[in-house]
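[1] sequence and predicted structure are below.
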2 protein chains.
Amino acid sequence: MTRKKSDSAGSGVRAVAQAVGVSKSTVSRAFNSPELVKEEVRQKIFEIAAEMNYRPHPAARALRSQRTHIVGAAIPTLDYAIFARMVNEFEKTLSTLGASTIVITTGFDNRDVFDDVRQLVDRGAEALLLVGEVEDPKLKDFVRHASLPVVTTYSAPPDSTVPAVGFDNYRAFAEAVEHLAKLGHKSYAMIASMTDGNDRQRARIAAYRDTLERHGLIGSDRVYKHTYEMRSGVSTMEQILDEYPETTAVICNSDVFAIGALKACRNRGVRVPEDISIIGCDDFDFAELLDPPLTTIAVPAARMGQLAAETLWAAITQKKPVEGHLIETRIAMRNSIGPAPNARIQVST
Amino acid sequence: MTRKKSDSAGSGVRAVAQAVGVSKSTVSRAFNSPELVKEEVRQKIFEIAAEMNYRPHPAARALRSQRTHIVGAAIPTLDYAIFARMVNEFEKTLSTLGASTIVITTGFDNRDVFDDVRQLVDRGAEALLLVGEVEDPKLKDFVRHASLPVVTTYSAPPDSTVPAVGFDNYRAFAEAVEHLAKLGHKSYAMIASMTDGNDRQRARIAAYRDTLERHGLIGSDRVYKHTYEMRSGVSTMEQILDEYPETTAVICNSDVFAIGALKACRNRGVRVPEDISIIGCDDFDFAELLDPPLTTIAVPAARMGQLAAETLWAAITQKKPVEGHLIETRIAMRNSIGPAPNARIQVST
DNA sequence: CTGAAAGCGCTTACAG
DNA sequence: CTGAAAGCGCTTACAG
């Protein structure tokens, strides 16, 4: 025995039922299957329930119905515009559909995220949004055997363990480099983020290397890796200017790096795009207001959030399989890239 | 009768208990009060439970223990760096403490947010983070009578219905305007956001007006209101330049506006800060990399998220009252403001 | 259209 | 240190 059986007053269904003069069943039905309850009775129940501020106990409801209406999102961080935007859209879409969003941040390395993801499930998540390829063996195992819908975003791994609502990182970057090659650039550098447990970075670097190689161009070995910080964009760009002044095209795997690179060029009196071309990735809001306006690969963050929410919800409610979506990307063409200069200007130090 | 009583196999405590050869009680105790279970038995339970991939059912656990370990955050949007950063820190802190974060976005108008906030509670939130003053009468009523801990952030209303972990918006902006006044500026404009249901905006505008008035300065009627978009910063700055070319100081209630204002000045050949001073608010990451580096009021987003999480958690677990915190702000001094020019330059159109 | 009863899967006070 | 039993607050199949 634990508490006394609350068979009388209180504030649960029982109390409402008593106040109205019907059974608990009828009160519950009025909320969950209103069409089964006589109009007149239903009205009275709603009225009195509202008066009493009655709300069904979430845990009791979830236990009995085996539905929590909670969906989990495990993302690297919220402190990065593009992820925040995706979750924002994910949450809004889900909210419209009648579900809530529980969030956990895991960092950018996917190799050991199982405990974080499990926390979401332990709180009742009925479905899961992930970012990038599933690399944690324990998580791989979990999604294989677990019965809940899972979708991953940002990536489009062909051999993925789970359906993906993402874009082709390789192709997007291959096109960007291709574009620069056609503009006549001969010497390149890439500012990337860490590749450990991050398939997007690996795909982008591979695209950069492969494309340069195919064109017999210099630079494929010049890949700088940093965590996402604007200062890193500044310092890396300075380093490039110092060590490889022949560089005319810099591919940044994040607008965070690009804005830093732009700043470094300004500091050094290097003109963009006359002397050097810089391309970013993400299409942050401020990209077009930079000086010069930043050409950048537009990542469809909001769209991914929306589609992920929709397919997950359909999977939960209609038991449909989770549907992957390959989203096309485009380069937001602005003025930070241009034809390769015939000669490098002098770099002032 | 609903389902058959799962008294035998399955995958719950019962199954684990049977596999180990103890009672459900002992299995449950091994997880919840390990010190009450004999070392040897405990080990065996952990081992077998892990093998069977056993996880206590969240809803059952929550129903019985009346604890969900879920905390709710109702914020205007995640698609704005400063809110995303606050929630990011909130989540991380809570995660460390053993709780999860459920999020809902409500927009910037606080007058009708009760249904959103209630959704959080209906999903099991044990405590609530809010943003700004509580203005929705229904919400006010709810927090007054509800027994769950609530904290609001960003504001510091003295007569608040709920404790606040925030900063003094009025004072922060009064200081900023005061600073500009001391620099000799005579003619001002403010680019603000919408004031409906937004006490932070109202406080900032009041601070601006009061301070100007106290100094007998021009501009207190020149407050432009827009939703947070960089283009609005551009167009409003252009308007200011056109209609009030005598303006030498522009206070932006968001760095989003400030970056737009900076851009507009650049477009028009107006030099910052030689011709006009611009100050932002938020201290976005990119503020110091702008050209010129942006002077801006630093909003302590991460700190608010952390403190809110800590006080809410203490309130839940130790039944301590929720503790408010008034956080000091400072102006991140950079180069976008300077002494008032003696004469206005010509504005090219 | 409605009510009585079972049971969702745990945890915990009680008794030993 | 352990087990049997009660009960958390709902929802729903069953019977009427």
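    Nice, I can see it.
[2] please enumerate the helices of chain A.
    Here chain A has its helices, by DSSP state H, at A:13-20, A:24-32, A:39-51, A:58-65, A:81-97, A:114-122, A:137-145, A:169-182, A:199-214, A:230-243, A:255-268, A:301-318.
[3] okay if I get these as a markdown table plus mean neighbour count, mean pLDDT and distance to residue B:18?
    The C-beta positions use only the backbone N, C-alpha and C, and glycine is treated the same way. Shown next, in a markdown table, are the helices of chain A (neighbours: other C-beta atoms under 10 Å in any protein chain shown; pLDDT from 0 to 100; distance: least, C-beta to C-beta, whole Å):
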| stretch | mean neighbour count | mean pLDDT | distance to residue B:18 |
| --- | --- | --- | --- |
| helix A:13-20 | 19 | 92 | 34 |
| helix A:24-32 | 18 | 94 | 33 |
| helix A:39-51 | 15 | 92 | 42 |
| helix A:58-65 | 19 | 95 | 22 |
| helix A:81-97 | 23 | 97 | 38 |
| helix A:114-122 | 19 | 96 | 23 |
| helix A:137-145 | 15 | 92 | 21 |
| helix A:169-182 | 21 | 97 | 48 |
| helix A:199-214 | 20 | 96 | 42 |
| helix A:230-243 | 20 | 96 | 56 |
| helix A:255-268 | 25 | 96 | 54 |
| helix A:301-318 | 21 | 96 | 31 |
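[4] rebuild these as TSV, extending it with distance to residue B:246.
    Formatted as TSV, the helices of chain A follow (distance: least, C-beta to C-beta, whole Å):
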stretch	distance to residue B:246
helix A:13-20	66
helix A:24-32	63
helix A:39-51	57
helix A:58-65	59
helix A:81-97	36
helix A:114-122	56
helix A:137-145	62
helix A:169-182	46
helix A:199-214	50
helix A:230-243	35
helix A:255-268	30
helix A:301-318	41
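[5] now render those helices as CSV, adding distance to DNA strand D.
    Output for the helices of chain A, formatted as CSV (distance: least, C-beta to the nearest atom of the strand, whole Å):
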stretch, distance to DNA strand D
helix A:13-20, 4
helix A:24-32, 3
helix A:39-51, 10
helix A:58-65, 3
helix A:81-97, 18
helix A:114-122, 17
helix A:137-145, 26
helix A:169-182, 42
helix A:199-214, 40
helix A:230-243, 50
helix A:255-268, 46
helix A:301-318, 13
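[6] turn those helices into JSON lines, including distance to chain B.
    Formatted as JSON lines, the helices of chain A follow (distance: least, C-beta to the nearest C-beta, whole Å):
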{"stretch": "helix A:13-20", "distance to chain B": "14"}
{"stretch": "helix A:24-32", "distance to chain B": "12"}
{"stretch": "helix A:39-51", "distance to chain B": "11"}
{"stretch": "helix A:58-65", "distance to chain B": "4"}
{"stretch": "helix A:81-97", "distance to chain B": "4"}
{"stretch": "helix A:114-122", "distance to chain B": "6"}
{"stretch": "helix A:137-145", "distance to chain B": "8"}
{"stretch": "helix A:169-182", "distance to chain B": "22"}
{"stretch": "helix A:199-214", "distance to chain B": "20"}
{"stretch": "helix A:230-243", "distance to chain B": "6"}
{"stretch": "helix A:255-268", "distance to chain B": "4"}
{"stretch": "helix A:301-318", "distance to chain B": "8"}
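[7] CA atoms of stretch A:278-290 as PDB?
    What follows is stretch A:278-290 as a C-alpha-only set of coordinates in PDB (Å, rounded to 0.1, in the frame of the first residue of the first chain):
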ATOM      1  CA  ILE A 278      36.100  33.200 -50.700                       C
ATOM      2  CA  ILE A 279      33.100  31.000 -50.600                       C
ATOM      3  CA  GLY A 280      31.200  30.100 -47.400                       C
ATOM      4  CA  CYS A 281      28.700  27.500 -46.400                       C
ATOM      5  CA  ASP A 282      25.300  27.800 -44.600                       C
ATOM      6  CA  ASP A 283      23.900  31.100 -46.000                       C
ATOM      7  CA  PHE A 284      23.600  32.800 -42.600                       C
ATOM      8  CA  ASP A 285      21.300  35.800 -42.600                       C
ATOM      9  CA  PHE A 286      24.200  38.200 -42.500                       C
ATOM     10  CA  ALA A 287      26.000  36.700 -45.500                       C
ATOM     11  CA  GLU A 288      24.500  39.100 -47.900                       C
ATOM     12  CA  LEU A 289      25.300  42.100 -45.800                       C
ATOM     13  CA  LEU A 290      29.000  41.400 -45.500                       C
END
